[in-house]
Structure formats: structure tokens, C-alpha cells
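**Q** no sequence for this one, just the structure:
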Ligand SMILES: Nc1nc2c(ncn2[C@@H]2O[C@H](COP(=O)(O)OP(=O)(O)OP(=O)(O)O)[C@@H](O)[C@H]2O)c(=O)[nH]1
Ligand SMILES: [Mg+2]
């Protein structure tokens, strides 16, 4: 009887675990975001910004929400280590792409990398959230400006592809990409101050529930 009740209790209090990867260029603020999430949701606070250096490899963090555990993987964004990102794509349930909204000079580079992420077949159906970080800085582009900047960048890329005689190729892909861009969610945050971070986590919580994928769910840790 004890085992039956224990099993029932475990079943009823079971938490599903979802993996969320946090990617973006070096310096975008991914680790600052992860540590802020830990501070906001866990009893043990995350690292303060002065303790955070460039990530070589990955950092992880877990938070517990009603009936759900979100496991975050913050991956280093330096050029030489971006090629490990794809190894995490198969098993993730959501992708967060962080862009530094303050660093106008690196926006194009940020979109170039974002574009390659959007093209990865493993995450085509996976919820994807674009975060315009550093909204605390007066120099930062707003959420609307960031969205437009990406749309403009994509348009320029298409035009240059057409000029170099690749016109007409992959029109289906272009249409699919346009739809994905149109339905893309962009949110503004300050990882430093925590503004918008809870709203982003709420978005992830809702979206992973609604688009379950078989891999890795059902964990009870
Ligand atoms: N003003 C401001 N600065 C931020 C914010 N988030 C991060 N930073 C700063 O941006 C710099 C880079 O932050 P990190 O969190 O290390 O960036 P990262 O994306 O993890 O970089 P890599 O690990 O190299 O990929 C640090 O100096 C942070 O303090 C923010 O919301 N506002
Ligand atoms: Mg980092």
C-alpha cells in the first residue's frame, strides 16, 4: 500500500523537464541572463555580473516552475566555439537568441549568426525567442527597432543573393523564412537589471508546454 501511494504521489508531483539553450554572439549577455534567472527563481542566487567572464564551453542552470523544470544551457558565443551549438539542437525544447541591442556595430554579425540558427533543420519547429538585451542602456535599440533591423538585414541579404544570379532559387524556403520572421517573438530585457526576464521565462514556460517534443521529457529530477 505504501509503495502504491508513494508511486501515486510521485506520479502526481512529477515534473516534466525541458531544455532551453541560450545562444548569441559573445558579449550579448547570455551568462548575465542565466545568472539573473537563477537569482530570480532559485533560493541560491546566481553570480553577480562582476564574477562573470567570457564563457568557454557552457554554463547550466535549472529552475522549478509549476509541474515543470526548465534546464538552461548557456553556450559560449565566441566565433571559435559557435560550432558546438548545433550539438545541442537535437535535444532542446526552446531556443533563446540574445542580441546586444546596444552594440550597433555588431548587429549584422549577430543577424548573420541568427540566420544560420534559423536555417538549422533540427530546430525548425522549436519555439524561438529573440531577446533584445541591454535595454537599460539609453544607446540600445528598442524591440521594434531590433525587429526592423533584422527584417532590413534579411531583405538586403535576399537582394544581394538575387543580384548574384541566385534569383528564383529556394523560393519556398524564402516564403517559409518570411513566415517565421513575421511570427517571431522579440522581447526586450535587461539581463543586468532583470527587467523583462520574468516575462521571457513565462513565454518559455508556456511555449514548451504547448509544443512538446518527445526527446528528454518526463524527467523527475
Ligand atoms: N548594460 C548592460 N550590460 C549588460 C547586460 N547584460 C550583460 N551586460 C554586460 O555585457 C558583457 C558581456 O556579458 P556576458 O553575460 O558575459 O556575455 P555572454 O553573452 O555570456 O558572452 P560569451 O560568454 O562570451 O558568449 C558584460 O560586461 C555584462 O556585464 C545588460 O542587460 N545591460
Ligand atoms: Mg557567457
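**A** Perfect, thanks for sending it. These numbers were taken from a predicted model, which means no experiment stands behind them. Ligands and ions are numbered 1, 2, ... in the order given.
**Q** Which strand or helix spans the most centrally placed residue in the chain?
**A** When CA atoms, centre = their mean is applied to the chain, the residue found nearest the centroid is residue 96 (0.5 Å). Element membership for residue 96, per DSSP states H and E: strand 94-100.
**Q** before we move on, back to that, from what I see, the residue nearest to the centre of the chain and residue 129 are in contact.
**A** Yes - assessed by CB atoms under 8 Å, residue 96 is found in contact with residue 129 at 5.1 Å. Every C-beta, even on glycine, is put in place using the N, C-alpha and C of the backbone.
**Q** joint contacts of those two?
**A** Residues touching both residue 96 and residue 129 (CB atoms under 8 Å, 6 or more residues apart in numbering): 200, 204.
**Q** picking up where we left off before, show me what the strand holding residue 96 is packed against.
**A** Applying 3 or more CB pairs under 8 Å, 6 or more residues apart in numbering; DSSP states H and E, one finds that strand 94-100 contacts strand 16-23, helix 30-41, helix 107-118, strand 128-133, helix 197-210.
**Q** I'd like the next helix or strand past the second one.
**A** Sequence order places strand 58-65 as the next helix or strand after helix 30-41, per DSSP H and E.
**Q** Mind listing the strands that following strand pairs with, and their directions?
**A** Using DSSP bridges, strand 58-65 pairs in its sheet with strand 68-75 (antiparallel).
**Q** And for residue 94, the neighbour number?
**A** 23 (other CB atoms under 10 Å).
**Q** which bits of the chain sit near ligand 1?
**A** Residues of the chain that fall close to ligand 1, judged by CB under 6 Å from any ligand atom: 24, 26-32, 49, 52, 54-55, 76-78, 133-134, 136-137, 190-192.
**Q** Let's see the pLDDT reported for the spatially closest residue to residue 65 that is not a sequence neighbour.
**A** Here the nearest residue to residue 65 in space, its sequence neighbours aside, is residue 205; by CB to CB, 6 or more residues apart in numbering that works out to 5.4 Å. Turning to residue 205, the model gives it a pLDDT of 97.
**Q** Residue 205 contacts residue 70, correct?
**A** Yes - using CB under 8 Å, residue 205 is in contact with residue 70, at 7.0 Å.
**Q** Between these two, which has more neighbouring residues?
**A** Set residue 205 next to residue 70 and count neighbours by other CB under 10 Å: residue 70 wins out with 22 against 19.
**Q** Around ligand 2, pick out the residues from this structure.
**A** Contacts of the chain with ligand 2, taken as CB under 5 Å from the ion, map to 30-31, 55.
**Q** out of those, who has the most neighbours?
**A** The most crowded member of these is residue 30, carrying 29 neighbours; neighbours defined as other CB under 10 Å.
**Q** OK, contacts around that residue?
**A** When contacts are counted by CB under 8 Å, 6+ apart, residue 30 touches 22-24, 55, 74-75, 77, 98, 191.
**Q** if I look at it, how far off is residue 82?
**A** Using CB to CB, to the nearest Å, we find residue 30 at a distance of 12 Å from residue 82.
**Q** can I assume residue 14 sits in a strand?
**A** No - assessed with DSSP: H, G, I helix; E, B strand; the rest coil, residue 14 is coil; it does not lie in a strand.
**Q** Numbering from 59 from now on, please.
**A** Got it, first residue is 59 now, which makes that one residue 72.
**Q** what stretches of this structure score poorly on pLDDT?
**A** Within the chain, the segments meeting pLDDT under 70 span 223-227, 270-279.
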